[in-house]
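1. no sequence on this one, just coordinates:
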């Protein structure tokens, strides 16, 4: 079953955050077991609040990714750019619809 993690955070330094994300994406390019997709969403009511949805092929793949020291380092660097500690929600992908 596909798995997604939602990360809720606030930052005034989204450009720096996106640079870290690009760095991680480039390092993981072509590597099996990493994230399949990432969405970055900004809260229209609070422009410093963001949600990231990271999708994996399975919960097990996500846990292997979480155990990777590079992921731990990235999480620490991201936390340093946040104005409050990020929160994490783990989700099984139950169904999906495309409307276009």
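-> Thanks, I have the structure now. Here the structure is a predicted model, which is why all the values come from computation and not from measurement.
2. The longest strand belonging to the chain pairs with which strands, and in what direction?
-> Ranked by residue count, the top strand of the chain under DSSP state E comes out as strand 82-92. When pairing is defined by DSSP bridges, strand 82-92 lines up against strand 3-11 (antiparallel).
3. Any buried residues in the partner strand, and which?
-> Neighbour-count burial for strand 3-11 flags 3-5, 7-11 (criterion: 16 or more other Cβ atoms under 10 Å). Just so you know, the C-beta spots here come from the backbone N, C-alpha and C atoms, and that holds for glycine as well.
4. Output those as TSV; include the columns pLDDT and distance to residue 60.
-> TSV is the format used below for those (pLDDT from 0 to 100; distance: Cβ to Cβ, whole Å):
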residue	pLDDT	distance to residue 60
3	97	8
4	97	14
5	96	13
7	95	19
8	97	24
9	96	25
10	97	30
11	97	30
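5. Which parts of the protein are helices?
-> Counting by DSSP state H, one finds helices in the chain at the ranges 14-28, 59-67, 69-81.
6. Indicate which one of those helices is closest to residue 39.
-> Closest approach to residue 39 among those is made by helix 14-28 (11.3 Å; Cβ to Cβ).
7. Go through the closest one and flag the buried ones.
-> Here helix 14-28 shows 14, 17, 21, 24, 28 as buried, counting by 16+ other Cβ under 10 Å.
8. Quick one: those as JSON lines, columns for pLDDT and distance to residue 67 too.
-> Output for the buried residues of helix 14-28, formatted as JSON lines (pLDDT from 0 to 100; distance: Cβ to Cβ, whole Å):
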{"residue": "14", "pLDDT": "96", "distance to residue 67": "27"}
{"residue": "17", "pLDDT": "93", "distance to residue 67": "22"}
{"residue": "21", "pLDDT": "88", "distance to residue 67": "20"}
{"residue": "24", "pLDDT": "85", "distance to residue 67": "15"}
{"residue": "28", "pLDDT": "76", "distance to residue 67": "14"}
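9. ok, residue 83 - how many residues close by?
-> The number of residues packed near residue 83 is 11, by other Cβ atoms under 10 Å.
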